[in-house]
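1. Fold the stuff below for me.
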Amino acid sequence: MEEVKIALKVIVGLSLLNVWLLNYNKPSRWRGADAKTMMEEFDAYGLSSSLCYIVGFLKVGFALVLLSSIIYPNLEILATSVNLEILAASILGALLSGSILMHIKIKDAAIKSLPATLFLIFCLLIIVL
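-> I've put the predicted structure just below:
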């Protein structure tokens, strides 16, 4: 079961890094409305460029935390009972839920929210496994 959890972390982490670092300014069939870039997508949602940078920072940061939890699976934050993988998967899950809601808000075809939905399910699996 641990191998499944690691695979899910790799899929979610690397996919989010790909979207936000490598494909940020590239068109994608998954972008909301007819946006060609991430910034255009946020504009289509009626969200500010500042929020795009904040969300990007959070998604990239917590994708890296999720990936690092593969190497440090039992690391807790500042001697609290909060586990890194649970924190990262929870925050990413919340952000991915926001992505799905934005697709619904602008009445995108359901298929456009497929990656966010799939990664949300993966995050939930990481939390419960």
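2. Below-threshold pLDDT in the protein: ranges please.
-> Within the chain, the segments meeting pLDDT under 70 span 76-80.
3. all helices for it, in order.
-> In the chain, the helices defined using DSSP state H lie at 2-17, 38-44, 49-71, 84-105, 114-128.
4. Dump those into TSV; add mean neighbour count and distance to Tyr24 as well.
-> Every C-beta, even on glycine, is put in place using the N, C-alpha and C of the backbone. As requested, those are exported to TSV (neighbours: other C-beta atoms under 10 Å; distance: least, C-beta to C-beta, whole Å):
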stretch	mean neighbour count	distance to Tyr24
helix 2-17	16	11
helix 38-44	19	5
helix 49-71	16	8
helix 84-105	19	15
helix 114-128	18	15
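5. Quick one, which of those helices gets closest to Asn23.
-> Shortest separation from Asn23 across these is recorded for helix 38-44, at 8.1 Å, computed as C-beta to C-beta.
6. Relative to Thr117, how far out is Gly32?
-> Counting by C-beta to C-beta, to the nearest Å, the separation of Gly32 from Thr117 is 14 Å.
7. Actually, Ile127.
-> For Ile127, the distance to Thr117 under the criterion C-beta to C-beta works out to 16 Å.
8. repeat for Ile126
-> According to C-beta to C-beta, Ile126 stands 15 Å off from Thr117.
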